[in-house]
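In: fold the stuff below for me.
(one chain, ligands or ions: 4)
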Amino acid sequence: AKAGGRNAVCTFDPQMQASLSTRADVESELRAALRDDQLRVYFQPQVQGGRLIGAEALVRWEHPQRGLVGPAEFIPVAEESGLIVPIGERVLEVACIWAQRWQVLGGAQAPVVAVNVSARQFRAATFVPSVAAALAQSGVDPGRIKLELTETVVLENVDDSIARMQALKALGVGLSMDDFGTGYSSLTYLKRLPVDQIKIDRSFVRDLPDDQNDAVIVRAIIAMAASLGLEVLAEGVETSAQQAFLEAAGCVRMQGYLHGRPMPPEALEALLGSD
Ligand code: C2E
Ligand code: CA
Ligand code: CA
Ligand code: CA
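Out: Ligands and ions are numbered 1, 2, ... in the order given. Have a look, this model is predicted:
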C-alpha cells in the first residue's frame, strides 16, 4: 500500500493479489460493489492563484475487507467487462449532485466539477442520454460540469468522436482533453475537436523545472493551447518550484498534491470560499 495521509489509497497489496487473483473474481466483486453501493467519489482541488476553481471526481472502492481501493486496481477490469458503463454513470450522477449543491452554496465562485469518461463509456450509445439524464436529475447548471476525455479515446475514431463531443457541448457541459501529450495528439486534430481545456499530463510536470526536455514540451503545450484559445491546466503539481515554473510559462490552473489530495466531498466542501 502507498504511504500517505488518511486519503491514501491502496495501490498494490500482495494479499489482494492472492485473494482477488482472477479477473472473474474482481468482476463479480465489482458487480457486488455496484449493487451494495461500495463505490465512493473523491474530489481533488483544482486551483488558480490560490483560489479553488474546480474539483476532479475520482472513484474509489470502499472494499469491505480491504479498505479504500484505487481506480488503477479495478478500472481496467471494469473496462474489459463493460462494468465501466454503470460505474461511470454512477460517478457522474454523484458528481452532478455535489456540483449542484456547491453551485447553490458558492454561486459564481463554485468549483467546476470534472468527471473522467472511459473509452468504452464514451462509445456506448447510451452515453450522451445518460449525461443528459444526470444533468436533469441533479438540476446542476451544465456549465458546472466538465467531462475529461483522453486523446487516445477521441482519436481512435475522430469523426464519430467529434459528433459525440458536439452532442455533449450542445448539452452545455465543458470538455477537457486529459493526459495531454501522452497519445497521438496532433495540432491538426486538436483544432477540429470541440474541447475547452487541455490537461498537461503529470509525466511532463514531474521533473520540472530541471528537465530541459519537459520544460520545452510544457512551454510548447501552453503556447499551443493559447493559440487555439483553450484553457490549460497542469496535473500532478507537487512542489512550489513546479508551480512557479508553470505560472511563469503561462499555465495558471493546476491540480496536484501541492494543493490537495483527492478527498471526500465533505472535505472539499469545507474548502469552498475559504481562500
Ligand atoms: P487521471 O484522470 O489522470 O487522474 C489523476 C490521478 O493522479 C489521480 O489518481 C490522482 O489521485 C493522481 N494525482 C493527482 N495529483 C497528483 C500528484 O500531485 N502527484 C501524484 N503522484 N499523483 C497525483 P487516481 O485517483 O488513482 O486515478 C487514477 C486514474 O484512474 C485517473 O487518472 C483516471 O484515469 C482513472 N479514474 C479515476 N476515477 C475514474 C472514474 O470515475 N472513471 C474513469 N473512467 N476513470 C477514472
Ligand atoms: Ca482525469
Ligand atoms: Ca489526467
Ligand atoms: Ca494522468
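
In: what residues does the nearest residue to residue 209 once chain neighbours are set aside make contact with?
Out: Once flanking residues are discounted, residue 209 sits nearest to residue 245: 3.9 Å by C-beta to C-beta, 6 or more residues apart in numbering. Backbone N, C-alpha and C define where each C-beta goes, glycine included. Neighbour list for residue 245: 208-209, 215, 218 [criterion: C-beta atoms under 8 Å, 6 or more residues apart in numbering].

In: residue 245: which element?
Out: Assessed by DSSP states H and E, residue 245 sits inside helix 240-249.

In: residue boundaries of the helices in the stretch 1-150 of the chain?
Out: 14-19, 23-35, 75-81, 84-106, 119-123, 127-138 (DSSP state H, counting those that start in this stretch).

In: what's the mean pLDDT across the second one?
Out: Across helix 23-35, the average pLDDT comes to 90.

In: how about that helix: buried residues?
Out: Neighbour-count burial for helix 23-35, with 16 or more other C-beta atoms under 10 Å as criterion, is recorded at 26-27, 29-30, 33-34.

In: now the residue nearest to residue 209: how far from ligand 1?
Out: Relative to ligand 1, residue 245 is positioned 14 Å away (C-beta to the nearest ligand atom, to the nearest Å).

In: who's in contact with the closest residue to residue 172 other than its chain neighbours?
Out: Once flanking residues are discounted, residue 172 sits nearest to residue 142: 3.1 Å by C-beta to C-beta, 6+ apart. Contacts for residue 142 (C-beta under 8 Å, 6+ apart) come out as 135, 171-173.

In: can you check the pLDDT for residue 142?
Out: At residue 142, the pLDDT recorded in the model is 98.

In: list the contacts of the closest residue to residue 223 other than its chain neighbours.
Out: Excluding its sequence neighbours, the residue lying closest to residue 223 (C-beta to C-beta, 6+ apart) is residue 250, at 7.8 Å. By C-beta under 8 Å, 6+ apart, the contact list for residue 250 reads 222-223, 226, 232.

In: ok, and the most crowded of these?
Out: residue 232 (26 neighbours; other C-beta atoms under 10 Å).

In: torsion angles phi and psi at that residue?
Out: Torsion angles at residue 232 (phi, psi; degrees, to the nearest 10) stand at phi -130, psi 140.
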